[in-house]
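Peer 1: The sequence and its predicted three-dimensional model are supplied below.
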Amino acid sequence: MPQNPIIKLNDVHLTLKSDAGPVNILRGIDLTVQPGETVGIVGPSGSGKSTLMSIIAGLEAPTSGSVLIAGEAIETLGEDDLARFRRENIGIVFQSFHLIPTMTALENVAIPLELAGRADAFAVAAERLAAVGLKDRASHYPSQLSGGEQQRVALARALCTNPKILLADEPTGNLDGKTGDIVIDLMFKLHAELGTTMILITHDDQLAQKCTHVIRLEDGKVVAPVQAAEMAKTE
Amino acid sequence: MNSERNPETLALAARFARRELRGGLKGFRVFLACLVLGVAAIAGVGTLSSSITTGLRENGQVILGGDFDIRLTHRPASAEEQSWLEGEGRVSRLSTLRAMVPSVKTDKRTLSELKAIDDFYPLFGSLTLTSGSGSQAPQVLLAKQDGNYGALVEQSLADRLGFDLGDQLRLGDLTLDVRGIIATEPDKASQGMALGPRMIISLDALEETGLVQPGSLLRYHYRVALQDGLSIAEFRSAIDKAFPDAGWRIQDANNGAPGIKRFVDRVALFLTLVGLTALVVGGVGVGNAVRAYLDGKIATIATLKCLGASSGFIFRVHYFQVLFLAIVGSAIGLVLGILGAIIASGFLARALPVPPEISLQASPLLLAAAYGLLTATLFSIWPLARARDTPAAALFRDVVSRHKWPRPIYLGALGLSFGALVFLAIATSRETWFALVFVGSVIGIFAGLMLVGHGVQYCARKLPRPRVPTLRLAITNLYRPGAATKSVILSMGLGLTLFVTVALIEGNLRHQVQDQLPESAPAFFFIDIQSNQLDDFVSTAESVPGVTDVSHVPNMRGRITAVKGISAADVTVAPEAKWALRGDRGLTYSATPPSGAVVVDGEWWPEDYSGPPLVSMDRGVAQGMGLKIGDHLTVNVMGREIDAQIFNLREIDWTTLAINFVLVFDQNSLRGAPHSELATARADGPAENELFRAITDKFPNISVIRMKEALQTVSNILEQLSSAVSAVSSITLVAGVLVLAGAFAAGHRKRVYDAVILKVLGATRKDIFVTFLLEYAMLGLVTSVIAAVTGWLSAYLVVTQLLEAKWVNLPLTILVTIAVSVTVAVLFGVAGSWRALGEKISPVLRRTD
């Protein structure tokens, strides 16, 4: 029986105004992702990868087109409803980690749970930290952690509410190769355990190949929705 | 979406705020300093004045000398009145007057505030003498011994005349032995302004001095200690009922020293408002600090939004931080304010009848804390409301909120906190009108300075580009994004305006009292000249070479008891005319218009007028009482009620220091009343001392007030007052400088970047230094010129309209203000930029990549 797609973008455009005139960042994106899939989005700098992720996360509203995420037409939601929607459905991992510097690792992981009003926020956060191998670092502040550790905390934070979708924007961009590999392996392992749909934005084609689907963006358009296996063959 | 209970509770926001504050208070030093300063000033002034007022109230009986002080001028109480008073409680009698006192030993003489007491004085508290005066009771020392009565004097009288304990003084026809030096006089504060040192004698001695003459300015006091069970209110209504027309002034112990209380209340109100201005100036710094702090929090805010935090939650988290810091700042301010009050009370102890005992007074402290929290809220709402709209997408690129203005709810909150501040300032002051004008002026100047800030930036943008690159850069720096121009003009401008205003008002008053003595001002006032002495007095005075313009008028005292038939106690009059109803006033009569008087409404009565009583009145006082020509005024003179019709109004120029009376009656109304004459005379150089000696030698009963000494007394009071006012006004200036320092510090990173880029492009350190110097000098100059103009205008209005005094231009004050503020702006600016000049290029460029 065919499932309802977890992500469905229909002819999404995004145009930003600037002093030099309007800039078309996304030009008619169509994208369908089924629950549990992993999708790698690749493309050169400025192709619109991060913007596409922002649209899926509800951080940015499209100029036109429809965005259906987890059955909700999010382009119609207000700012605070979008925040609640993210809290319940989406986890995000950033290239620059974006941990709150004044909070410990445990507190950083607990944020989404606390915002959701969970009484067991810290117990669940501790479990998640343990799952990413940082049980002993719970009371450390971000400045006391290495880049890899910070990204693992960010991963634990993104997944602590069991979101339906995990968005990862260049998660290894600020890490050295070896540390990056550890984080990616962890991401895929947790994805497998939790069954989360995962969108992975990266410059790295090899990394993208780990996903079931790969989408290539160029100049704000999808130029080649390809299966990862096919992409591997062409290389 | 879900409609369940919002999990983003206040408790959760407080928890997040607490975690955020772990980042330290680094960016909040100016925030805290500004709040501490303002709150400390308000709390200090409030605690001190409240403690003084409480002290006055609690010691009311001692200060007043009884539960009641019944005062009559010119006449003693009748036997009937006195026996009625004695039926209500214990009564002590005393008389006061001013008299010349020569020392037998040195032949020096001076005016003394004389007090003659009975055996029961004082009913409350005690009259104490210095240790050298022996251990006998004061009344024993005052009694006749070996043919002479005794006198107790203040040390300053002995110092002035150069006599010692045991020496003799003359008083009228008597010679007195000085038997004691007064250490404390319990009821001194209730006497009002003293023109000379105190001397105490017995009532019996006074009778024998020959100073008690018809019409002499003698005051009879009856102090009453009410019998048990009789309340102050009951006594008041009973005495009003028993003797409605006695014409006495009744004061009760609830307000034992009304003059001091009124003075303390007024000064405290002014200083509180100045403190509030300092807080408002500091508020600009608070706003800047919050804005800078939130600018550094964009990533955190955007992250929290990505993780599902709502905008309202973001606002609450950061408002709690502001609130927490405001509570900390206010608490420190309260502690410092109390400490300040304790220190100031040490200085004030000698000037007050009861040394102020500083106690924790809830209301001034609560008021100061409320001002602190409201100011912090008022100035942080805008940046907080803008921060809540930080888009989550700010994590990915430089996006700014689409909302240029905060949402209506925050604008509402802004209006509410502004309204609450204004309401508090006005509602808690006893003089609503003054508070209204002050608050209105501050708001007006604040708004004006904001406009000026925008205007300066607009002009800088529109100016033709100068060819000199350093000047061009300095001008463009004035309107670059994030420029400190508006903050500096606002904060420094407001502080400087207040400073210039206070300095000019104070300078004008000082000038008025000290240097502006009119050419025609008399050298002496002579009081208590008996009618039969008048001709002799005038010829004696005129016989001294160099003495001119000897003029005299009949003089007696009377109280206005009714205005248009309404009792003086019940009539509503404007604040500026209240003084005329407060005690008894000098009165005179004249067939012709007094010299120097300008009749501005109506005309003078005929020289041969002989009808019902007519009165000529000062126009200002008449207007304040709502009186016009034809209205009636009732005046009690020596127990006799005179109902007079107002016949004309005069404009009096009090600054000439010539003899002037608010009320001048027609020649028949008062002629029958016993009275003395009041005279003035001009004397140049050596004639001054000669005249003094000639009159005091020949007429021991005539009191001589030397104009210079009287003015010196006023000048001393003014000086003490102005140092307090200047000290508190400086707080506003310090707040302004703090804001200035904060604003410059906030721009430091931009300065470093500018300096580095300019260096890359080939600018020398000198070029960069000159650019910064020009920019700060322009800012300082614009701000100080605006402040000088606004301050000049405010001071001019206060001096000419409120104080109705002559305006003297004090260009030096203005020039010094401008020079100092330009220097301060340049020094702070250059100090802040100095490090920027020395920055190495490559690390900065790498950082900003």
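Peer 2: All right, it came through fine.
Peer 1: dump the residue contacts of the residue lying closest to B:Gly448 once chain neighbours are set aside.
Peer 2: Nearest non-adjacent residue to B:Gly448, counting by Cβ to Cβ, 6 or more residues apart in numbering or on different chains: B:Thr790, 6.9 Å away. Bear in mind the C-beta positions are built from the backbone N, C-alpha and C, glycine included. For B:Thr790, the contact set (Cβ atoms under 8 Å, 6 or more residues apart in numbering or on different chains) comprises B:445, B:448, B:493, B:497, B:500.
Peer 1: Am I right that B:Thr790 is in a strand?
Peer 2: No - when DSSP: H, G, I helix; E, B strand; the rest coil is applied, B:Thr790 is found to be helix, with no strand at that position.
Peer 1: What number of residues are in the vicinity of residue 14?
Peer 2: Since you didn't name a chain, this refers to chain A. Neighbour count of A:Leu14, defined by other Cβ atoms under 10 Å in any protein chain shown: 22.
Peer 1: To clarify, I was referring to chain B.
Peer 2: 16.
Peer 1: now it: how far from B:Phe243?
Peer 2: 67 Å (Cβ to Cβ, to the nearest Å).
Peer 1: Can you pull up the most central residue in chain A?
Peer 2: A:Leu167 (1.1 Å; Cα atoms, centre = their mean).
Peer 1: What strands line up against the host helix or strand of that residue, and which way round?
Peer 2: For A:Leu167, the element it lies in under DSSP states H and E is strand A:165-169. Note on strand A:165-169: by DSSP bridges, its sheet partners are strand A:90-93 (parallel), strand A:197-202 (parallel).
Peer 1: which residues touch A:Leu99?
Peer 2: A:Leu99 touches A:105, A:108, A:142, A:150, A:153-154, A:157, B:303, counting by Cβ under 8 Å, 6+ apart.
Peer 1: hmm, 6 Å instead?
Peer 2: Contacts were defined as Cβ atoms under 6 Å, 6 or more residues apart in numbering or on different chains; by that measure A:Leu99 touches A:108, A:142, A:150, A:153.
Peer 1: Put together CSV for those, with secondary structure, distance to chain B and pLDDT on each row.
Peer 2: Listed next are those as CSV, based on DSSP: H, G, I helix; E, B strand; the rest coil; distance: Cβ to the nearest Cβ, whole Å; pLDDT from 0 to 100:
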residue, secondary structure, distance to chain B, pLDDT
A:Asn108, helix, 9, 94
A:Pro142, helix, 11, 93
A:Gln150, helix, 13, 94
A:Val153, helix, 12, 94
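Peer 1: Export those as CSV, with columns for neighbour count.
Peer 2: As requested, these are arranged in CSV below (neighbours: other Cβ atoms under 10 Å in any protein chain shown):
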residue, neighbour count
A:Asn108, 30
A:Pro142, 19
A:Gln150, 25
A:Val153, 27
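Peer 1: Which two among these are spaced furthest apart?
Peer 2: A:Asn108 and A:Gln150 (9.1 Å; Cβ to Cβ).
Peer 1: buried ones in stretch A:135-155?
Peer 2: A:137-138, A:140-142, A:145, A:147-155 (16 or more other Cβ atoms under 10 Å in any protein chain shown).
Peer 1: same check, this time on stretch B:653-673
Peer 2: Quick answer for stretch B:653-673 (16+ other Cβ under 10 Å): B:657-670, B:673.
Peer 1: Ends of it, what's the gap?
Peer 2: 28 Å (Cα to Cα, to the nearest Å).
Peer 1: Contacts for that stretch, please.
Peer 2: B:518, B:521, B:553, B:556, B:580, B:585-591, B:596, B:605, B:609-610, B:613-616, B:618, B:621, B:637-638, B:642, B:652, B:680, B:806.
Peer 1: same question, stretch A:69-86
Peer 2: Counting by Cβ under 6 Å, 6+ apart, residues outside stretch A:69-86 touching it are A:6-7, A:58, A:61-62, A:67, A:89, A:164, B:1, B:305, B:308, B:310.
Peer 1: try 7 Å
Peer 2: With contact meaning Cβ atoms under 7 Å, 6 or more residues apart in numbering or on different chains, stretch A:69-86 is reached by A:4, A:6-7, A:56-58, A:61-62, A:66-67, A:89, A:164, B:1-2, B:305-306, B:308-312.
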